[in-house]
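Participant: can't give you the sequence, but here's the structure:
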């Protein structure tokens, strides 16, 4: 019986689920915060102000479309090579984080009430030659948690590197 004023102990699966959701929340915060910096890259590469770049950014519905735009602007003939190379390096790093982020944002989480491990179940269809696959299930173990933590750290560094690039090339703030 818990002492008065103390909370009862959480079952292990609830604690694992809460910890996973906290990490996925941190991943999403860092992703979204870093993605918003594309506005400054768009403004600089398109030689416009931040307000126009924000309208362009918000008009595009997906991260992929926003990254494609930034890449295409960087590849225009009038973009200096140092800016092109720096920006393309940043967008390539951002794209590398997408697989993990998408996995944990487009799955459902399950666990056995008997204390089994937390699992992710992918909520997408994988088309193969003669069949489809649905519901790929994977254990969300300590290795997966470490992958999320590493991605969060890389996104934080990418955020700082984008800010540095914006400052270096004098893109609109």
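Facilitator: Arrived safely. Since the model is a prediction, treat every value here as computed from it, not as a measurement.

Participant: show the pLDDT at the residue nearest in space to the middle of the chain.
Facilitator: With distances taken as CA atoms, centre = their mean, residue 31 lies nearest the centre of the chain, 3.9 Å away. Listed pLDDT for residue 31 reads 97.

Participant: distance of it from residue 49?
Facilitator: As judged by CB to CB, to the nearest Å, residue 31 and residue 49 stand 25 Å apart. Using the backbone N, CA and C atoms, a C-beta is placed for each residue, glycine as well.

Participant: which residues of the chain fall in strands?
Facilitator: Counting by DSSP state E, the segments of the chain that form strands are 107-110, 119-122, 125-127, 132-134, 137-139.

Participant: how about JSON lines for the ones you listed, with distance to residue 165 added?
Facilitator: As requested, the strands of the chain are arranged in JSON lines below (distance: least, CB to CB, whole Å):
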{"stretch": "strand 107-110", "distance to residue 165": "33"}
{"stretch": "strand 119-122", "distance to residue 165": "34"}
{"stretch": "strand 125-127", "distance to residue 165": "36"}
{"stretch": "strand 132-134", "distance to residue 165": "40"}
{"stretch": "strand 137-139", "distance to residue 165": "35"}
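
Participant: and the ones you listed: which comes nearest residue 15?
Facilitator: Distance to residue 15, taken as CB to CB, is lowest for strand 107-110 among these, at 13.2 Å.

Participant: pull the longest helix from this structure.
Facilitator: Determined from DSSP state H, the single longest helix within the chain is helix 142-169.

Participant: what residues of that one count as buried?
Facilitator: Going by neighbour count (16 or more other CB atoms under 10 Å), the buried part of helix 142-169 is 144, 148, 151-152, 154-155, 158-159, 161-162, 165-166, 169.

Participant: surely residue 84 touches residue 74?
Facilitator: Yes: using CB atoms under 8 Å, residue 84 is in contact with residue 74, at 4.7 Å.

Participant: which of those two has more neighbours?
Facilitator: Shown here are residue 84 and residue 74; by other CB atoms under 10 Å, residue 74 has more neighbours (21 against 17).

Participant: quick check: the nearest residue to that one once chain neighbours are set aside vs residue 55, distance?
Facilitator: Excluding the flanking residues, the one nearest residue 74 by CB to CB, 6 or more residues apart in numbering is residue 87, at 4.2 Å. Shown here: residue 87 relative to residue 55, a distance of 20 Å by CB to CB.
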